[in-house]
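Engineer: Below is the sequence, then the predicted model.
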Amino acid sequence: MLIKLSGGTVYDPANGINGEARDIFIRDGRIVKSGDNERVDHEYPLKGHVVMAGAIDPHTHIGGGKVTIGRMMLTEDHIGQEVARGELTRAGCGHAVPSTLTAGYRYAEMGYTACFEPAMLPANARQAHMEMGDTPMVDKGAFVMLGSDDFLLRAMAQKKGSEFINDYIGWTMHAAQALAVKVVNPGGISAFKFNQRKLDLDEKHVHYELTPRDILITLARGLREIGVTHPLHVHGCNLGVPGNDETTLATIRAMEGLPVHLTHVQFHSYGTEGDMKFSSGAPRIAELVNKNKNVSMDVGQIMFGQTCTASGDSMRQYGNTKSAYPKKWVVMDIECDAGCGVVPMKYKDKSFVNALQWAIGLELFLMVDDPWRLFLTTDHPNGGPFTTYPHLIRLLMDRGFRNDMLQKIHPGAQAATILGSLKREYSLYEIAIMTRAGPAKSLGLKDRGHLGVGASADITVYDDIADREAMFQKPGLVFKNGELIVKNGVIVKVVQGATHVARPEYDRAIEKPLREYFDRYHTVRMDNLRVGDDEIIQSDKGSIIQQPTRARVKAA
Amino acid sequence: MTATTTGSLPAETASPSSGLATGGATGVHENVACPFCGIMCDDLEIGRTASGLKVRKNGCDRAVAGFERPAVTSSPQIAGRDVNLAEAVTEAARLVRAARLPLFGGLGTDVEGMRAVMSAAEHAGGVVDHAFSEGQYRNFEVLQTTGWFMSTLTETRNRADLIVIVGSDIHKLHPRFFERIVATPEPMFLGAGKKRTVVFIGAGLDTSAATGGHIGEVISLPCPIAAVGEVVSALRARLKGVPLAAKDIAGIAIAKIDDLADRCRKADYGVMVWAPPSLAFPAADLTVRIVSDLVKDLNLTTRFACLSLGGNEGAVSAGAVSTWQSGFPLRVSYASGKPDYDPVRFAAERLIARRETDLVLWVASFTPDLVPPESDIPTVLLGVPGMTLAAQPAVYIPVGTPGADHAGRLIRCDNVVSLPLRNLGRSTLPSVATVLAAIEHAL
């Protein structure tokens, strides 16, 4: 069957197409060359409509134990957000920590066709995949967390060498069915178990005598050597601590040009100036990011209202529990592997700190020059639920609207931000980079995030409305693998979506010391930790797409 | 480099199978995960005999009873009359369809079975609740009011220098907990000179397994189980320096409580352990809350965490799947089409006692002990063969056990780890997921 999307205004930055009227042809789920003499089975006349690839969220907490702890803890947030079973769709609930099913539907209704869970612990990987398996409509994938796991820290402390560690990174990615690797508060989650309450970039872990800098370099270099496309995904030290702008600047310098992705940088851009000893570090950080082409980032914009923070960073989340709203929280030490902290939060525009956090996020968006290295996220649900993205897009595209909003926040925060002076307005082309082409390129999704021939036909069609919030809220058409799944914001077909993984080379010999380690210390056998393909394909009724990796090179 | 996997291999071969679909009809299975209690040991070795399975290594009483349960020939039945599976499914669907408020109870099943329960309950406009919710809600109430600081099995095994058992007869519920978590020979972070202290709060707790390995002192503070909360409250008060006029609390001398307070203060990593089913007294959630609050206090200066056990009969998986699919941890009604949450109104026990449900669809795929509550409400039973029932169910469909008769996955008591359950080829009985999908299809 040949489908033709005719005459839409296409924004396809991966192929350099900036708002040109184009025809797009789809056959068997893929974008194909125009079939000159072929009969078109179905044509969608799209003159005047905006056409982009399906959107990709490269950092959203949609599946895994900590999200379900949030769901279980914050039942009051679900009240009034319950969703009934429909003709095609299952029941569930929405808002800050939506149910898996509802999250999938909402993402698709907003034109998203792929979402990536950024904090999958090896110990919890099976459950993360089960929850993603119950998240329909979108493709998914996950970044496996390393950096506070005792196997790695022991190996580093015992100087086992880079090849050994690189094999372990590769093994873990296979075992956990991961697309990329994330480090959260490098070494800090482990240090907290030894009663350290903070761990600066060059501060030593009391037990292993390693520093976060050692861990960052080891993992970032390891990923480059084993050929994983997405650079090390870094949630740095000192999240949320005033003065952490210095840590972030030092972290960028510490990477020595190694590819690195800094996540939710808004939470890591706080200075200590002013009466409140809380100020924006965004300009300095944006300046250094602009200079260092090895660095990409996402923002983790906060949006006002009730949400729930959920992070692997048990150390810093414990520190944040004093701000919990409502006053309840969960922090966990997990399996000699990692940790987590789930802290509900209500960001208020009349709070100086929250208002300035909001402004800092927007400063970052507007001051980092290159949208190819900057992705649009709220770190759902940490900065706010993903359903606020259309509002965020309007803030970026519409200076008048942004300045109106700025007038409403705490006056002290207004005085402490340069936001009002920033003239930049994002174009649709730049939005398409930040929400499609950029994340796809960074994650190594070779046939996603663009509309060139051979790409998977994940396509979103918007009405070209001046109010960009309304426009991005409710796309007219969403195609997934060439099938129409959403029409006028309503789901017309339910699909499952695939799981993207990367499988770098590793030496199976690593299983010998690993098996011994698991037998000796763990309560799970090495072979039972591993998530099998059959679990995703048969038990979760999904499919696996293996994205390419580069050939492994010898460790430096 | 030897035996290297490469990025270019097809997906099916590049990542070894989890063993979900493996486990032939013969041979010995190693590293088998056991679904018969919430701590889910996964180091069992299981072989076959002419009549069934034989636990060859690392089995406890529960594992042996579960895996070696004799095969009983069992046919689907309608009102006690043998029928084929299709007829039983049709009749079950008819009853579910006709019911005003069907209750999906018991819920002793794996993740796949629970997914099928949620889907069918939604479709039928029913209520979901697990047989052990009363126990789980002792925890959920605390999670939903104040939250907590938790540890997991491996973390506790390797790190705890002080383990306090709060009012729970853990050895009975989880026969290998002490062997695997407490009396371990070589905890990662307890050096040669460092011993693990084990404290039991509550009278009549089996302390016999708290011996060997790195265990040093074992201390018992025998008070009535229902009074453990008072003792922990006193401990918390003493840790805060509050003077207490009483000479003893629930029979425990203040000096002993002070001694425990001192040990808590000096511990590098203390863990307070309980099993919710053991705290079977009114308002036991307040005891869990006191323990959780104590742990929060202790973390101001040292490191402490809670560890909640329990979770037998698939209770943890039921709570988790219900939560991620509906937003709510069981006790959800789909009568309106939307998930309607009320932990009081939609408690299975209450719905049955008050006859607010007119059909009980009871799921028990692990043990024959999880029998439906006695009532004259018509029951559709998806159960393992060999259950002793007070009343004849309207429909009975024998189902297999995940991890023995078919593959599956189950979430462990700490709500972090989940384990693959293997098909050991014990029988060809269908899974709960299969049967429920057929019933839902026929609705």
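Structural biologist: Structure received.

Engineer: Nearest residue to the residue most central in space within chain B in space, please, no chain neighbours.
Structural biologist: The centre of chain B sits closest to B:Gly311, judged by Cα atoms, centre = their mean, with a distance of 1.3 Å. Nearest residue to B:Gly311, sequence neighbours excluded (Cβ to Cβ, 6 or more residues apart in numbering or on different chains): B:Gly38, at 2.8 Å. Quick note: C-beta positions are derived from backbone N, CA and C, even for glycine.

Engineer: which residues does that neighbour contact?
Structural biologist: B:Gly38 makes contact with B:173-174, B:309-312, B:315-316, B:412-413, according to Cβ atoms under 8 Å, 6 or more residues apart in numbering or on different chains.

Engineer: one more time with 6 Å
Structural biologist: Neighbouring residues of B:Gly38 by Cβ atoms under 6 Å, 6 or more residues apart in numbering or on different chains: B:309-312, B:413.

Engineer: Between these, which sits nearest chain A?
Structural biologist: Among the contacts of B:Gly38, B:Cys413 lies closest to chain A (Cβ to the nearest Cβ), at 10.9 Å.

Engineer: Need the pLDDT of the residue of the stretch 401-550 of chain A found nearest chain B.
Structural biologist: As assessed by Cβ to the nearest Cβ, chain B sits closest to A:Gly532 within the stretch 401-550 of chain A, at 2.7 Å. Looking at A:Gly532, its pLDDT stands at 98.

Engineer: Quickly find the element holding the residue nearest to the centre of chain B.
Structural biologist: Per DSSP states H and E: B:Gly311 is located in neither a helix nor a strand.

Engineer: Hmm, B:Asp414 and it touching each other?
Structural biologist: No. Between B:Gly311 and B:Asp414 there is no contact under Cβ atoms under 6 Å: 8.5 Å.

Engineer: quick one, what contacts the nearest residue to B:Val72 once chain neighbours are set aside?
Structural biologist: Nearest non-adjacent residue to B:Val72, counting by Cβ to Cβ, 6+ apart: B:Pro385, 4.1 Å away. By Cβ under 6 Å, 6+ apart, the contact list for B:Pro385 reads B:72, B:74, B:398.

Engineer: wait, is B:Pro385 part of a helix?
Structural biologist: No. Looking at B:Pro385 with DSSP: H, G, I helix; E, B strand; the rest coil, it is coil, so not inside a helix.

Engineer: got a pLDDT number for it?
Structural biologist: 96.

Engineer: Repeat that for B:Pro16.
Structural biologist: With respect to pLDDT, B:Pro16 scores 41.

Engineer: re the thing from before, state the distance from the residue of the stretch 401-550 of chain A closest to chain B to B:Ala442.
Structural biologist: 31 Å (Cβ to Cβ, to the nearest Å).

Engineer: Check which element follows the worst-scoring helix or strand of chain B on mean pLDDT along the chain.
Structural biologist: Least confident helix or strand, chain B: helix B:11-14 with a mean of 34, by mean pLDDT, DSSP states H and E. Sequence-wise, the next helix or strand downstream of helix B:11-14 (DSSP H and E) is strand B:29-32.

Engineer: Could you spell out the sheet neighbours of that next one, each with its direction?
Structural biologist: Within its sheet, strand B:29-32 is paired with strand B:44-48 (antiparallel), according to DSSP bridges.

Engineer: Just the buried residues of the partner strand, please?
Structural biologist: By 16 or more other Cβ atoms under 10 Å in any protein chain shown, the buried positions in strand B:44-48 come out as B:44, B:46, B:48.

Engineer: what's the answer for stretch A:182-197, then?
Structural biologist: By 16+ other Cβ under 10 Å, the buried positions in stretch A:182-197 come out as A:182-193, A:196.

Engineer: and which of these is nearest chain B?
Structural biologist: A:Lys193 (6.5 Å).

Engineer: Just give the nearest non-adjacent residue to A:Trp358, would you?
Structural biologist: A:Ile302 (5.3 Å).

Engineer: What separation do you get for A:Asp23 and chain B?
Structural biologist: Distance of A:Asp23 to chain B, given as Cβ to the nearest Cβ, to the nearest Å: 34 Å.

Engineer: again, but for A:Lys291
Structural biologist: From A:Lys291 to chain B the distance is 33 Å (Cβ to the nearest Cβ).

Engineer: how many other residues sit next to that residue?
Structural biologist: 10 (other Cβ atoms under 10 Å in any protein chain shown).

Engineer: And for B:His441?
Structural biologist: 11.

Engineer: go on, A:Lys204?
Structural biologist: When neighbours are defined as other Cβ under 10 Å, A:Lys204 has 16 of them.

Engineer: what about chain A, any weak spots by pLDDT?
Structural biologist: A:35-36 (pLDDT under 70).

Engineer: got a markdown table for the buried residues of strand B:44-48, with pLDDT too?
Structural biologist: Below are these laid out as a markdown table (pLDDT from 0 to 100):
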| residue | pLDDT |
| --- | --- |
| B:Leu44 | 98 |
| B:Ile46 | 98 |
| B:Arg48 | 92 |
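
Engineer: Nearest to chain A among those?
Structural biologist: Nearest to chain A out of these is B:Leu44 (Cβ to the nearest Cβ; 10.1 Å).
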